[in-house]
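Peer 1: Here you go, sequence then predicted model.
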Amino acid sequence: MKLIFRPVTKDDYSFLYYLLEGRPEEESISHKSMPSFIEHAKFLDSNPYKFHFVIYDNYNPIGVLYISHKNEVGIHFIKDIEGKEREESFEALVDFILRTKEKLFFNVSPKHKLLNKILKNKGLLTIQHTYENIH
């Protein structure tokens, strides 16, 4: 699999919204409810990330990669990528990201078993568990 990264532009907002809509529950850590497209576009317009790329495979957008200003990494792929292909996609992207010399943080839902497994297999350390009072 050859992944290509292109910086996010306004032309990508619809794809990114589609990606957000289709995000499996076990991969989500930041959304309690789905924002409107306009809310999502305003968020993206605020330039919330240090790096923000759409991931392509053979000219087809398949995911997103972002790194926050605090070096927190976010990786998401479209719901159509399943099974072994999904695992290989996450693994290839993690390998690519880990080539950097910067200290990075992967905030991952404990329910996201696939990405947790990949990160542990790559030797990354669990440094924090975050708990939320939902009452």
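Peer 2: In hand now; what should we look at? Keep in mind the model is a prediction, meaning the values are calculated, not measured. Numbering: from 1, shown residues only.
Peer 1: Centre of the chain to the helix or strand containing Leu115, how far?
Peer 2: Under the criterion of DSSP states H and E, Leu115 resides in helix 113-121. Here the centre of helix 113-121 is set off from its chain's centre by 14 Å, with C-alpha atoms, centre = their mean, to the nearest Å.
Peer 1: just checking, what packs against it?
Peer 2: The contact analysis (3 or more C-beta pairs under 8 Å, 6 or more residues apart in numbering; DSSP states H and E) places helix 113-121 against helix 83-97. Yep, even glycine has a C-beta here, placed from its N, CA and C like the rest.
Peer 1: In PDB, list the C-alpha atoms belonging to the helix it packs on.
Peer 2: Extracted in PDB, the C-alpha atoms of helix 83-97 (Å, rounded to 0.1, in the frame of the first residue of the first chain):
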ATOM      1  CA  GLY A  83     -10.500  -6.300   8.200                       C
ATOM      2  CA  LYS A  84      -7.000  -7.000   7.200                       C
ATOM      3  CA  GLU A  85      -6.900  -3.900   4.900                       C
ATOM      4  CA  ARG A  86      -7.800  -1.700   7.900                       C
ATOM      5  CA  GLU A  87      -5.100  -3.200  10.100                       C
ATOM      6  CA  GLU A  88      -2.500  -2.800   7.300                       C
ATOM      7  CA  SER A  89      -3.600   0.800   6.800                       C
ATOM      8  CA  PHE A  90      -3.200   1.700  10.500                       C
ATOM      9  CA  GLU A  91       0.100  -0.200  10.700                       C
ATOM     10  CA  ALA A  92       1.600   1.500   7.700                       C
ATOM     11  CA  LEU A  93       0.600   4.900   9.000                       C
ATOM     12  CA  VAL A  94       1.900   4.300  12.500                       C
ATOM     13  CA  ASP A  95       5.200   3.200  10.900                       C
ATOM     14  CA  PHE A  96       5.400   6.300   8.900                       C
ATOM     15  CA  ILE A  97       4.600   8.600  11.900                       C
END
